[in-house]
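Student: I'd like to go over a predicted model; first the sequence, then the structure.
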Amino acid sequence: MIDAVAHDKLALPDGRALEFEIRASTKTRSLRLKLSAREGLVVTAPLGLDRQRLLALVAGKAEWIAGRMAEFDAVRHLIGTEPVARPQAFDLPALAESWRVEYKATRSRTVGARIDQPGRIVVAGAVDDVEACHAALRRWLARHATSALSPWLTNLAEQTGLRFVDLAIKNQRTRWGSCSAHGRISLNCKLLFLPRELVRYVMLHEICHLLEANHSERFWMHLRHFEPSSDSLHGRMRDTWKAVPIWAQRGTDFLL
């Protein structure tokens, strides 16, 4: 049986031993793995789950965990031990925009964010709750991305002569975008923190999945046709997480 809070170690494929926290919960029926730059790996398990069974399930996801850890290891030094402060300003290079953020305390128990005037966002409500402010800004970011990325994607699709069924803007944790077999494209709202040419590359990448659902040589041939610099742009995508501010980052969840 698992204690309310416990710790153990996981052997990663590269030979490292990753210490992680185990939390027992009466509110979950499945094992949940959460990775964040601040806390590392946290495993939430149903109360009463056999510990050896838990360790076996976690070990089965060692490769997935190792892949995500590389991203979080690289940004952890930016976080430190102090909570992330409320942002006072940020840039959105994809749209060539700069935003100032002001905070207004009200009697509301919730927190919301809205554009007060060009270039200024007002976050109002229980603004002493820093994480609630971050969440409100992430919701604003998703709304802003929806209005900006939808016509952009439509225009690119028209240029290629291809047609997607629908677009969803999400705050995806590990993907910049995706395209379903039915032609539904999803884009990450955090794309707004990237340079325009990389956002365009991601969009064309997903549009080409309308022709090829995999990453075969035929897929890359289509992508190079629409974007001759795709190989170079693909290489630049490896470090794009660095452009996303910590307040906009979210942990990575995996449900077993």
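Tutor: The structure has been received and is ready for your questions. Residues are numbered from 1 along each chain as shown.
Student: output the lowest mean pLDDT helix or strand found in this structure.
Tutor: Ranked by mean pLDDT, DSSP states H and E, the helix or strand of the chain with the weakest confidence is strand 252-255, at a mean of 42.
Student: flag the shaky bits of the protein, pLDDT-wise.
Tutor: Filtered on pLDDT under 70, the chain yields the residue ranges 1-5, 36-39, 70-83, 250-256.
Student: hmm, 50 instead?
Tutor: Low-confidence segments of the chain, defined by pLDDT under 50: 1-2, 77-82, 251-256.
Student: show me where it has strands.
Tutor: Ranges of strands in the chain, per DSSP state E, are 5-11, 17-25, 32-36, 40-46, 89-92, 97-105, 111-117, 120-125, 166-170, 177-179, 184-188, 252-255.
Student: quick one: buried residues of the first one?
Tutor: Across strand 5-11, burial judged by 16 or more other CB atoms under 10 Å covers residue 10. Using the backbone N, CA and C atoms, a C-beta is placed for each residue, glycine as well.
Student: who does that strand pair up with?
Tutor: Its sheet considered, strand 5-11 pairs with strand 17-25 (antiparallel) by DSSP bridges.
Student: what of the fourth one?
Tutor: Taking DSSP bridges as the criterion, strand 40-46 forms sheet pairs with strand 17-25 (parallel), strand 32-36 (antiparallel).
Student: before we move on, what about the fifth one?
Tutor: On the basis of DSSP bridges, the sheet neighbours of strand 89-92 come out as strand 97-105 (antiparallel).
Student: how distant is the partner strand from the center of its chain?
Tutor: 22 Å (CA atoms, centre = their mean, to the nearest Å).
Student: over to stretch 91-111?
Tutor: So, by CA atoms, centre = their mean, the centroid of stretch 91-111 is 19 Å from its chain's centroid.
Student: residues touching that stretch, excluding its own?
Tutor: 86-90, 116, 119-129, 132-133, 135-137, 144, 148, 191-196, 199, 243 (CB atoms under 8 Å, 6 or more residues apart in numbering).
Student: buried ones in it?
Tutor: Buried residues in stretch 91-111, defined by neighbour count with 16+ other CB under 10 Å: 92, 93, 94, 95, 99, 101, 103, 111.
Student: same check, this time on stretch 46-58
Tutor: By 16+ other CB under 10 Å, the buried positions in stretch 46-58 come out as 46, 49, 54, 57, 58.
Student: domain-wise, how is the protein divided?
Tutor: Following automatic domain parsing, one gets these domains for the chain: 5-82, 89-248.
Student: what's the most buried one of those?
Tutor: The highest average neighbour count among the domains of the chain, using mean count of other CB atoms under 10 Å, belongs to domain 89-248 at a mean of 16.
Student: residues touching residue 134, list them.
Tutor: Residues in contact with residue 134 (CB under 8 Å, 6+ apart) are 84, 86, 247, 248.
Student: next: residue 42.
Tutor: If a contact means CB under 8 Å, 6+ apart, then residue 42 has 20, 21, 23, 33, 34, 35, 36 as its contacts.
Student: again, only this time at 7 Å
Tutor: Each residue near residue 42 by CB atoms under 7 Å, 6 or more residues apart in numbering is listed here: 20, 21, 23, 34.
Student: a markdown table please, covering these and showing distance to residue 213.
Tutor: Listed next are those as a markdown table, based on distance: CB to CB, whole Å:
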| residue | distance to residue 213 |
| --- | --- |
| 20 | 34 |
| 21 | 38 |
| 23 | 38 |
| 34 | 29 |
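Student: residue closest to the middle of this structure?
Tutor: Taking CA atoms, centre = their mean, the centroid of the chain lies closest to residue 173, which sits 2.7 Å from it.
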